[in-house]
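# below is the sequence, then the predicted model.
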Amino acid sequence: MSPSIPSRRNVLKGAAALSFAGAAGALLPDWALAQGQGASPVALAAAEGSRPEIAGQGNLALFNDSLPGPVLRVTKGSELQVQFANALKESVALTWQGVRMPADAAASAAVAGGQNKLIRLTPKDAGTFWYHATSPALARRALSGALIVAEPGTPAYASDNLLFIQSFPPESGVPIFPVNGEFSPTFQGPASGRSRLRLVNATPLFLRLRLKGPAAYAIAIDGQPVAQPFELKDGRLQMPPGGRMDVAATIDDADATIIEVETAQEPIRLAVVTPVGPAGPMPSGPPAPLPANDLPADIPLKDAVRVELPIGGKSGAPASLGTVKSGKAMVLTLANSLDAPVSVYVAGHAVRLLDSLDDGWKPWWHDTVPVPAKATVRAALLAQATGTWSVTAQRGGDGEVVASATYQVTA
């Protein structure tokens, strides 16, 4: 049975109004680790741990003995320093999913068991990203956490809430979905206002989510702002494994907004956002776009390099997809022959999904591309960062790597 839903009427009525001015950082989990300019490196340690109340018996691999790992925060253009200590027996390499950085960045190099190193990275883009062990087996054992790169200046939303979604198969066989390591946590948003919800799908599952409340708008996908925020029909959205979406959720002046994951059986409540503060006129229409990141305005497809990644069968050593010169476009055909959908992570560059006739593309960027079962999807990128980059396809449901390849960008 689901816990009761807090609402303004039965919990906050008559309480002192909460000032949201400057509160965006405070509404993130209390285990968030922020780094300002000149600050000491953030400590990040991988070690064995356990969470029997969530993940059942047996050990997990955890960052800082936390489920999930700590939220790392930095401002766009600032350097993030992480002192990473690996107390596990096996080597651990980190993937900073969606973060554009040099291909030879030491931030992705493996750290042997019992060793440590200082990781430095300067994210080019503001947005919602996440870090995890490159090994899918370790990542599924909970070795993951969120990375939030804040826009410079005053936050666009006074209420800023992270929902880091994980899944674990209990003995019953029905997945459970902790959010920020808790079951159905309660967040706060301004009554008659809007709250920024940063949704991260850190599960190996394709999730169908629904926000039950007033209008909600997509404002960023895979960390990249949407040029024209759009309303989620009936509050519904779909997220591939590894995908992220930032949503501007309109908060009622009395009743809570409920976030659910829809399943073949009953929906499962993920989280609740309760209204706080004085009521007022409800906002209408889409919110203003978030500040844009430095991404190309156009992808010239006429002379694009065209490559194909077959998905299916056993994944061996990464195949080479060839090379593309910086400044040229590459079209990547993702051909899935499996009976299951896959999630494809393209490192190094953000991509756009192409229309079927090469006459345009979807109006938002991705780094994690969903490919349905027995289907082919094409994505285009404009090569900018030189180096060798990976493309990894993982099967929905169990996260098994079913195809991997690399592409090289030359000067």
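Received the coordinates, thanks.

# how is the chain partitioned into domains?
Using automatic domain parsing, the domain ranges for the chain come out as 1-15+155-292, 25-153, 305-410.

# can you lay out the ones you listed as a markdown table showing distance to Ile299?
Quick note: C-beta positions are derived from backbone N, CA and C, even for glycine. Below are the domains of the chain laid out as a markdown table (distance: least, C-beta to C-beta, whole Å):
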| stretch | distance to Ile299 |
| --- | --- |
| domain 1-15+155-292 | 14 |
| domain 25-153 | 16 |
| domain 305-410 | 5 |
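
# would you map the helices across this protein?
52-55, 136-140 (DSSP state H).

# can you list contacts of the shortest one?
Put plainly, it is helix 52-55. 67, 142, 168, 176, 178, 181 (C-beta atoms under 8 Å, 6 or more residues apart in numbering).

# what subset of those residues is buried?
67, 142, 168, 178, 181 (16 or more other C-beta atoms under 10 Å).

# surely the last one is in contact with Asp65?
Same thing as Gly181. No. Using C-beta atoms under 8 Å, Gly181 makes no contact with Asp65, being 11.2 Å away.

# phi first, then psi, for Gly193.
With angles defined as degrees, to the nearest 10, Gly193 sits at phi -130, psi -160.

# report the contact partners of it.
20, 158-159, 250-251, 277, 280, 283.

# neighbour-wise, give me the winner out of these.
Ile251 (29 neighbours; other C-beta atoms under 10 Å).

# that residue is in contact with Leu197, isn't it?
No. Between Ile251 and Leu197 there is no contact under C-beta under 8 Å: 10.4 Å.

# now do the shared contacts for these two.
With C-beta under 8 Å, 6+ apart, Ile251 and Leu197 have common neighbours Val273.

# mean confidence for stretch 61-68?
The predicted model assigns stretch 61-68 a mean pLDDT of 96.

# equivalent analysis for stretch 41-54, please.
Computed over stretch 41-54, the average pLDDT equals 93.

# remind me which residues of the stretch 201-350 of the chain are low pLDDT?
Along the stretch 201-350 of the chain, the parts satisfying pLDDT under 70 run over 313-315.

# can you list the contacts of Gly193 in TSV and add distance to Lys124?
Listed next are these as TSV, based on distance: C-beta to C-beta, whole Å:
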residue	distance to Lys124
Phe20	29
Ala158	26
Ser159	26
Thr250	31
Ile251	32
Gly277	35
Gly280	37
Pro283	31
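
# in strands, which of these appear?
With strands taken from DSSP state E, the overlap with those comprises 159, 250.

# just curious, which of the contacts of Gly193 is nearest to Phe129?
Ser159 (20.4 Å; C-beta to C-beta).

# and the closest one, how close does it get to Ala191?
Ser159 is 10 Å from Ala191, where distance means C-beta to C-beta, to the nearest Å.

# what residues are shared contacts of these two?
Common neighbours of Ser159 and Ala191 (C-beta under 8 Å, 6+ apart) are Ile251.

# identify the bridge partners of the closest residue to Asn59 other than its chain neighbours.
In space, Asn59 comes closest to Glu48 once its chain neighbours are excluded; the distance is 4.7 Å by C-beta to C-beta, 6 or more residues apart in numbering. For Glu48, the beta-bridge partners under DSSP bridges are Ala61.
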